[in-house]
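In: Provided below for reference: sequence and predicted model.
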Amino acid sequence: MLIELFYTACFTVVLSCLFLYLAEEWFRKRCHMRREMSRKQSGGGPSIAFFHPYCNSGGGGERVLWCAVRAVQKRFPDLKVVVYTGDIDASPSEIISRVQQRLNITLLRNVDFVYLHNRAWVEADRYPYFTLLGQSLGSIVLGMEAMMAFVPDVYIDTMGYAFTLPLFKSVAGCRVGCYVHYPTITRDMLRRVSTRVAAHNNRPFVANSPVLSFAKIIYYRVFAWLYCKAGRYSDIVLVNSSWTEDHINSLWERPLITNRVYPPCDTTSFREIERPDDVDHTKSGSEIRIVSVGQFRPEKDHPLQLKAMYHLRQILSEDVWERTKLVFIGSCRNSEDEVRVKDMKDLCRHLSLENNVEFKVNASFTELKSELSRAMIGLHAMWNEHFGIGVVECMAAGLIVIAHRSGGPKADIIHEEAESSRNGFLAVDEYEYASTIATIVKLPIDTANRVRVAARSSVERFSVAEFEQNFLRLVEPFFG
């Protein structure tokens with residue numbers, strides 16, 4: 001009986017391996033045929049494809065995508081450029097128009113879009129539990145749809161779907177690269193679970209249970225191993241900050257092919273904003289506007305900023321408080337984000353802040369510049385923000401910025417070690433944010449101007465030109 005079971009198991013394993021081998025060979029041949037068809041369609045020339053299912057969102061990740069596309073168009077005018085997108089409700093002309101309106105980026109030529117109809121497979125709300133694993137496996141489904149529609153010579157993932165890399169590398173035979181904005185899993189996430197700290201990615205009922213916390217640690221470790229294996233398929237890795245670089249190197253262990261390329265910030269446009277340098281906001285009677293720029297995603301921690309405003313009211317005089325206003329500027333990717341905005345408005349009413357808070361949803365680039373020109377302070381509260389394009393934009397516009405004391409803002413952008421070279425402020429919780437806002441409002445004019453000048457002069461290394469130069473330097477060998 002045992003021998004029969006053994007032979008049956010061996011036969012099943014051999015048959016399964018044979019099936020997987022034949023399936024992989026079939027996919028490879030089909031991808032080869034697809035590539036030949038794609039080359040004929042583009043006149044026989046090479047092609048590059050960017051995997052960005054949310055290319056129409058208008059956030060910092062999309063700025064990286066479209067600046068990369070434009071850089072490639074400049075350097076390789078005959079190269080066929082394709083974008084894989086799940087924005088099936090937007091036409092190519094609508095997407096390009098939104099890129100120009102929201103991001104102030106004008107492409108040199110049209111690009112080809114491959115519309116993906118299975119984007120729901122990577123939506124977080126599809127996986128109430130085991131979200132990281134579910135989205136990652138879902139990205140494989142989405143990647144297969146992309147691969148069956150168009151096979152490029154070079155494949156670049158610009159949205160963090162590392163599990164698509166083995167697919168395009170091993171099966172489709174592409175040269176593969178990725179731009180990592182934020183590691184899917186980090187040591188900090190493991191630490192939060194092990195110390196049982198509740199967060200947006202560690203629910204209170206899990207944090208309160210030793211058994212569930214232990215199980216989640218095991219799950220995270222297994223997922224980190226899979227993420228490591230997937231990431232190692234990339235021929236070149238681009239990361240957006242030293243914080244991201246440290247985490248990717250610790251996970252993927254490929255430091256020789258990992259390169260830090262700061263994201264493109266439109267520093268030129270924002271530096272054009274003129275600011276009066278002689279306004280004392282504690283005495284002038286003018287409005288004190290605080291701007292928060294960022295997509296309405298849970299990790300941006302907008303509620304913390306509202307709580308900071310609640311505590312700020314206890315610190316400022318009544319006259320100054322009545323002139324203080326927080327303005328949220330950001331885009332909504334989907335209905336989840338829209339619900340999040342509604343919840344924030346409800347929280348405003350609960351905290352009696354409705355007269356001191358405004359929301360600018362899906363604002364155009366012109367509106368963004370207008371708001372920054374009127375503001376005094378920039379606010380950013382995301383814990384372990386991978387970089388912080390919104391932080392840089394506010395600094396370039398001459399705002400005095402307060403960001404979270406972690407991640408990219410702490411490592412790369414804001415320096416507060418010496419008062420003489422300070423270019424911004426860092427904080428951790430709502431109390432520190434509130435006290436720091438009050439400190440900035442009361443700063444002497446010459447001190448405030450010194451911080452603004454230092455901020456504006458420090459952000460040139462994050463310019464679009466710097467990004468294009470570094471990005472092309474790393475992808476050019478793919479076409480050599």
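Out: Sure, I can see it.

In: Who are the packing partners of the helix or strand harbouring residue 155?
Out: Under the criterion of DSSP states H and E, residue 155 resides in strand 154-157. In terms of contacts (3 or more C-beta pairs under 8 Å, 6 or more residues apart in numbering; DSSP states H and E), strand 154-157 is packed against strand 47-51, strand 175-180. Heads up, the C-betas are built off the backbone N, CA and C, glycines and all.

In: run the last query once more with 10 Å
Out: With contacts taken as 3 or more C-beta pairs under 10 Å, 6 or more residues apart in numbering; DSSP states H and E, strand 154-157 sits against strand 47-51, helix 60-75, strand 80-85, helix 131-149, strand 175-180, strand 236-239, helix 464-475.

In: Name the strands paired with it and say parallel or antiparallel.
Out: strand 47-51 (parallel), strand 175-180 (parallel) (DSSP bridges).

In: about what we covered before: right, and the helices and strands packed on strand 154-157 - which one's nearest residue 214?
Out: Using C-beta to C-beta as the measure, helix 131-149 is the one of the helices and strands packed on strand 154-157 that comes nearest residue 214, at 17.3 Å.

In: could you check the angle strand 80-85 makes with the closest one?
Out: Here the directions of helix 131-149 and strand 80-85 differ by 140 degrees (axes from the mean of the first three to the mean of the last three C-alpha atoms, to 10 degrees).

In: quick one: buried residues of helix 131-149?
Out: 132-136, 138-147, 149 (16 or more other C-beta atoms under 10 Å).

In: any idea how far it is from the chain center?
Out: Here the centre of helix 131-149 is set off from its chain's centre by 19 Å, with C-alpha atoms, centre = their mean, to the nearest Å.

In: quick one: the strands in this protein?
Out: Taking DSSP state E, the strands of the chain run over residues 47-51, 80-85, 112-115, 154-157, 175-180, 236-239, 258-260, 288-293, 324-330, 357-361, 377-379, 400-404, 425-427.

In: now the ones you listed in JSON lines, with mean pLDDT?
Out: Shown next, in JSON lines, are the strands of the chain (pLDDT from 0 to 100):
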{"stretch": "strand 47-51", "mean pLDDT": "97"}
{"stretch": "strand 80-85", "mean pLDDT": "98"}
{"stretch": "strand 112-115", "mean pLDDT": "98"}
{"stretch": "strand 154-157", "mean pLDDT": "98"}
{"stretch": "strand 175-180", "mean pLDDT": "98"}
{"stretch": "strand 236-239", "mean pLDDT": "98"}
{"stretch": "strand 258-260", "mean pLDDT": "97"}
{"stretch": "strand 288-293", "mean pLDDT": "96"}
{"stretch": "strand 324-330", "mean pLDDT": "95"}
{"stretch": "strand 357-361", "mean pLDDT": "95"}
{"stretch": "strand 377-379", "mean pLDDT": "97"}
{"stretch": "strand 400-404", "mean pLDDT": "97"}
{"stretch": "strand 425-427", "mean pLDDT": "97"}
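
In: Let's have the ones you listed in TSV, adding distance to residue 106 and mean neighbour count.
Out: Formatted as TSV, these follow (distance: least, C-beta to C-beta, whole Å; neighbours: other C-beta atoms under 10 Å):
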stretch	distance to residue 106	mean neighbour count
strand 47-51	17	25
strand 80-85	15	23
strand 112-115	17	17
strand 154-157	21	26
strand 175-180	21	24
strand 236-239	23	25
strand 258-260	27	17
strand 288-293	21	24
strand 324-330	22	22
strand 357-361	23	17
strand 377-379	26	26
strand 400-404	28	27
strand 425-427	35	21
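
In: Nearest to residue 227, out of those?
Out: The nearest among those, by C-beta to C-beta, is strand 175-180 at 10.9 Å.

In: Compare the strands paired with strand 154-157 and report which one is nearest to residue 349.
Out: Per C-beta to C-beta, nearest to residue 349 of the strands paired with strand 154-157: strand 175-180, 38.9 Å.

In: I'm done for today, thanks for sticking with me.
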